[in-house]
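**Student:** Next input, structure requested:
(one chain, ligands or ions: 1)
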Amino acid sequence: MKEIEVVAAIIYFEDKILCVQRPENKLTYISEKFEFPGGKVENGESLNDALYRELKEELNFIPIIMDELYLTVNHQYPDFKLIMHVFKCLSDKSEIQLNEHISSQWLSLENLKKLDWAAADIPIVNRLIEHG
Ligand SMILES: Nc1nc2c([nH]c(=O)n2[C@H]2C[C@H](O)[C@@H](COP(=O)(O)OP(=O)(O)OP(=O)(O)O)O2)c(=O)[nH]1
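**Tutor:** Residues are numbered from 1 along each chain as shown. Coordinates of the predicted model:
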């Protein structure tokens, strides 16, 4: 089974977290789902470099990375295995540019569960709600 390695960012502005919605996709289980911004790690790239590149591409955003690594999620989707490394970041503003996503919301922890998340993101959302 194909393996995909991805980096993703939990971006905080004050006490809110940036949640972004994926566009339509032939894979129904990720189509129009909410996720944390990020994307695939390229060959030979460090996780931090991948995160900087993806956030610049997707949001024109240069992150301040807060911690080494928040969590690595392993999730089996029907067509591939996802390995997703998640980092917490800070933003000093709430205005963001969406280059690839169809919508975004800044949500406080207690509202995160209201969104329709990609399945791999559920453990991240749960950990955030339980431990911040
Ligand atoms: N960035 C990100 N991807 C996620 C999350 N949850 C989740 O299941 N994924 C999955 C969806 C995709 O199958 C994969 C990310 O790949 P992508 O297609 O967005 O990556 P990319 O920007 O490098 O895209 P491309 O160059 O292949 O077009 O990880 C998440 O929270 N953030």
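**Student:** C-alpha from now on. contacts and neighbour counts both.
**Tutor:** Fine.
**Student:** and the residue nearest the centre of the chain, what does it touch?
**Tutor:** The centroid of the chain falls nearest to Phe36 when counting by CA atoms, centre = their mean (1.9 Å). Going by CA atoms under 8 Å, 6 or more residues apart in numbering, Phe36 touches Ala8, Ala9, Ile10, Leu18, Cys19, Val20, Asp121.
**Student:** Phi, psi for it please.
**Tutor:** phi -100, psi 140 (degrees, to the nearest 10).
**Student:** give me the number of residues near Gly132?
**Tutor:** Around Gly132 sit 8 other residues, with neighbours defined as other CA atoms under 10 Å.
**Student:** For it, give me its contacts.
**Tutor:** Leu109.
**Student:** Contact residues of the protein facing the ligand?
**Tutor:** Val6, Ala8, Glu35, Phe36, Pro37, Gly38, Gly39, Lys40, Ala118, Ala120, Asp121 (CA under 6 Å from any ligand atom).
**Student:** before we move on, back to that, among the contacts of Phe36, who's most crowded?
**Tutor:** Ala9 (27 neighbours).
**Student:** What helix or strand is it located in?
**Tutor:** For Ala9, the enclosing helix or strand under DSSP states H and E is strand 3-13.
**Student:** helices and strands around whatever helix or strand comes next after that strand, which ones?
**Tutor:** Of the helices and strands lying after strand 3-13 in sequence (DSSP H and E), the nearest is strand 16-21. Applying 3 or more CA pairs under 8 Å, 6 or more residues apart in numbering; DSSP states H and E, one finds that strand 16-21 contacts strand 3-13, strand 34-35, strand 103-107.
**Student:** switch the cut-off to 6 Å
**Tutor:** strand 34-35, strand 103-107 (3 or more CA pairs under 6 Å, 6 or more residues apart in numbering; DSSP states H and E).
**Student:** can you point me to the longest helix in this structure?
**Tutor:** If each helix of the chain is counted by residues according to DSSP state H, the longest one is helix 47-59.
**Student:** Flag every buried residue along that one.
**Tutor:** Using 16 or more other CA atoms under 10 Å as the test for burial, helix 47-59 gives Leu47, Asn48, Ala50, Leu51, Tyr52, Arg53, Glu54, Leu55, Lys56, Glu57, Glu58, Leu59.
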